[in-house]
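K.L.:
Provided below for reference: sequence and predicted model.
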Amino acid sequence: MEIPSQVQVKHNFSAGPSILPGEVFAKASQAVKDFDGSGLSILEISHRSSAWTEVMEEAESLVRELLSVGDDFAVLFLTGGASTQFFMTAMNLLDSERSAGYVDTGTWSAKAIKEAQAFGQLLELASSKSDGYRYIPKDFDIPNDLNYVHITSNNTVYGTQYHKLPSTEVPLVLDASSDIFGRSIPWERIQAVYAGAQKNMGPAGVTLVIIRKSALGKVHRHIPTMLDYRTHIPKGSMFNTPPVFPIYVSMLNMRWLKKQGGVTEMSHRNAAKAKLLYEEIDRNALFRGTVDPQDRSTMNANFLLTKSELESDFLALCDQMGIVGIKGHRSVGGFRASMYNAMDIASVQVLVDAMRYLEDHKG
Ligand SMILES: *Cc1c(COP(=O)(O)O)cnc(C)c1O
């Protein structure tokens with residue numbers, strides 16, 4: 001197969017750590033050398049300096065503005081990744097004699113269930129595991145006396161996404177690691193939202209937690225200081241040294257998001273990118289999507305080659321065209337194209353061109 005000539009531009013479809021806008025990288029690297037003309041690097045300024053507290057305040061106010069978060073919620077920047085929130089949410093919100101409902105839609109929700117089990121009774125409300133996590137379960141019963149219902153709003157590994165949240169009176173806890181800032185959040189239904197930064201918000205090392213303040217202080221167990229949300233709220237996420245660089249870069253990325261038109265604009269762009277790619281997956285006989293169309297994620301598109309013997313050809317072609325990071329998760333195989341907020345539709349078009357090229361030459 002003749003492949004198009006080598007290009008320099010990279011199109012990064014990696015699932016995480018993932019793409020950020022070029023102007024964010026430019027500003028962040030400048031700040032490593034000299035932060036806002038201070039003569040000091042962002043990596044060495046005191047986290048108690050006013051220059052830093054302004055960054056913290058701007059980061060929090062951008063989260064509030066972009067996602068329309070009200071005063072009844074605290075906005076926190078914590079460490080430990082989304083993986084720490086799997087147990088920290090339960091530790092802070094669930095008493096040992098009460099129950100919480102969990103929906104199992106893949107790798108990350110299964111891990112959340114495993115970690116939360118130690119803190120109360122968990123009711124697995126539904127699971128799509130026996131069908132290879134191909135869809136989001138719907139129309140399952142949710143008892144009204146549950147403490148909360150935990151869902152993974154976008155399943156990064158399997159490429160499914162809740163386009164409609166489960167209907168229930170019970171407040172929701174959302175793991176929104178891979179679709180934060182890509183959709184609006186109905187706060188009246190929410191107890192907590194958490195997201196590891198490294199998919200849609202910034203670099204790895206900080207986790208965004210947005211928690212309803214009135215939900216705290218209701219459990220009877222001892223909570224270690226660092227794991228108690230109430231430690232971090234009055235301290236503005238600076239009880240201890242915060243991860244300054246990941247927060248700074250996240251703040252820059254949120255400024256970019258705001259300039260682009262915020263979450264509404266992102267949701268439109270993400271829908272357009274997803275439509276472009278899924279239409280090609282459905283049209284091109286060499287490719288096949290792996291999840292039920294109505295539950296397809298706008299963030300992570302999973303697909304297979306119908307002629308698996310073409311895999312090395314396709315990967316070589318992608319490599320030549322600057323397409324990076326489309327190999328599927330090691331637990332699922334196939335391909336996964338992650339199209340997070342910062343990805344331009346032009347990059348998705350390059351992937352579609354590669355798929356057409358393969359069809360023209362090998363189909
Ligand atoms: C990546 C991911 C996680 C794990 O995040 P860490 O910050 O690495 O702990 C959890 N949930 C979802 C949905 C993810 O995509």
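P.N.:
Structure's in. What do you need? A quick note: this is a predicted structure, and the numbers were derived from the prediction, not measured.
K.L.:
Buried ones in the top helix by length along the chain, by neighbour count?
P.N.:
The residue-count maximum for a helix in the chain (DSSP state H) belongs to helix 262-283. Of all the residues in helix 262-283, those buried under the rule 16 or more other Cβ atoms under 10 Å are Gly262, Val263, Met266, Ser267, Arg269, Asn270, Lys273, Ala274, Leu277, Tyr278, Glu280, Ile281. For the C-beta atoms, the positions are set from N, CA and C on the backbone; glycine is no exception.
K.L.:
What of stretch 117-124?
P.N.:
Going by neighbour count (16+ other Cβ under 10 Å), the buried part of stretch 117-124 is Phe119, Gly120, Leu122.
K.L.:
Mind putting those into CSV with pLDDT, secondary structure and distance to Cys318?
P.N.:
Shown next, in CSV, are the buried residues of stretch 117-124 (pLDDT from 0 to 100; DSSP: H, G, I helix; E, B strand; the rest coil; distance: Cβ to Cβ, whole Å):
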residue, pLDDT, secondary structure, distance to Cys318
Phe119, 96, helix, 44
Gly120, 95, coil, 46
Leu122, 97, strand, 41
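K.L.:
got JSON lines for the residues you listed, with distance to the ligand too?
P.N.:
Below are the buried residues of stretch 117-124 laid out as JSON lines (distance: Cβ to the nearest ligand atom, whole Å):
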{"residue": "Phe119", "distance to the ligand": "18"}
{"residue": "Gly120", "distance to the ligand": "20"}
{"residue": "Leu122", "distance to the ligand": "17"}
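K.L.:
For the longest helix of the chain, the averaged confidence score.
P.N.:
For helix 262-283, mean pLDDT rounds to 98.
K.L.:
Show me what the next helix or strand after it is in contact with.
P.N.:
Per DSSP states H and E, the first helix or strand lying C-terminal to helix 262-283 is strand 287-289. For strand 287-289, the surrounding residues in contact (Cβ atoms under 8 Å, 6 or more residues apart in numbering) are Tyr278, Glu280, Ile281, Asp282, Arg296, Ala301, Asn302, Phe303, Leu304, Leu305, Thr306, Met355.
K.L.:
Around the ligand, pick out the residues from this protein.
P.N.:
Selection of the chain residues close to the ligand by Cβ under 6 Å from any ligand atom yields Gly16, Gly81, Ala82, Ser83, Trp108, Thr152, Thr156, Asp175, Ser177, Ser178, Gly196, Lys199.
K.L.:
Narrow those to those that are buried.
P.N.:
Using 16+ other Cβ under 10 Å as the burial test, the residues of the chain next to the ligand include Gly16, Gly81, Ala82, Trp108, Thr152, Thr156, Asp175, Ser177, Ser178, Gly196, Lys199 as buried.
K.L.:
Select from the residues of the chain next to the ligand every entry located in helices.
P.N.:
The helices, defined by DSSP H, take in Gly81, Ala82, Ser83, Trp108 from these.
K.L.:
Let me see the contact set for Leu305.
P.N.:
Leu286, Phe287, Arg288, Glu311, Phe314, Gly334, Phe335.
K.L.:
before we move on, back to that, quick one: which of the contacts of strand 287-289 is nearest Val32?
P.N.:
Ala301 (33.6 Å; Cβ to Cβ).
K.L.:
just so I have it, where are all the helices in this structure?
P.N.:
In the chain, the segments counted as helices under DSSP H are 22-33, 50-67, 81-93, 107-116, 229-232, 244-260, 262-283, 311-320, 345-362.
K.L.:
Tabulate those in TSV, adding columns for distance to Thr207.
P.N.:
Listed next are the helices of the chain as TSV, based on distance: least, Cβ to Cβ, whole Å:
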stretch	distance to Thr207
helix 22-33	19
helix 50-67	12
helix 81-93	6
helix 107-116	13
helix 229-232	11
helix 244-260	9
helix 262-283	19
helix 311-320	31
helix 345-362	27
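K.L.:
Of those helices, flag the one that's most buried.
P.N.:
helix 81-93 (a mean of 23; mean count of other Cβ atoms under 10 Å).
K.L.:
Other residues contacting that one?
P.N.:
For helix 81-93, contacts defined as Cβ under 8 Å, 6+ apart pick out 78, 80, 100, 108, 111-112, 114-116, 118-120, 147-148, 150, 173, 175, 177, 191-192, 194-196, 204, 207, 209, 211, 215-216, 218-219, 221, 223, 227-229.
K.L.:
ok, now which ones touch the residue in the stretch 101-250 of the chain that the ligand sits nearest to?
P.N.:
Closest residue of the stretch 101-250 of the chain to the ligand, Cβ to the nearest ligand atom: Gly196 (2.6 Å). Gly196 is in contact with Gly16, Gly81, Ala82, Ser83, Ser177, Ala204, Thr207, counting by Cβ under 8 Å, 6+ apart.
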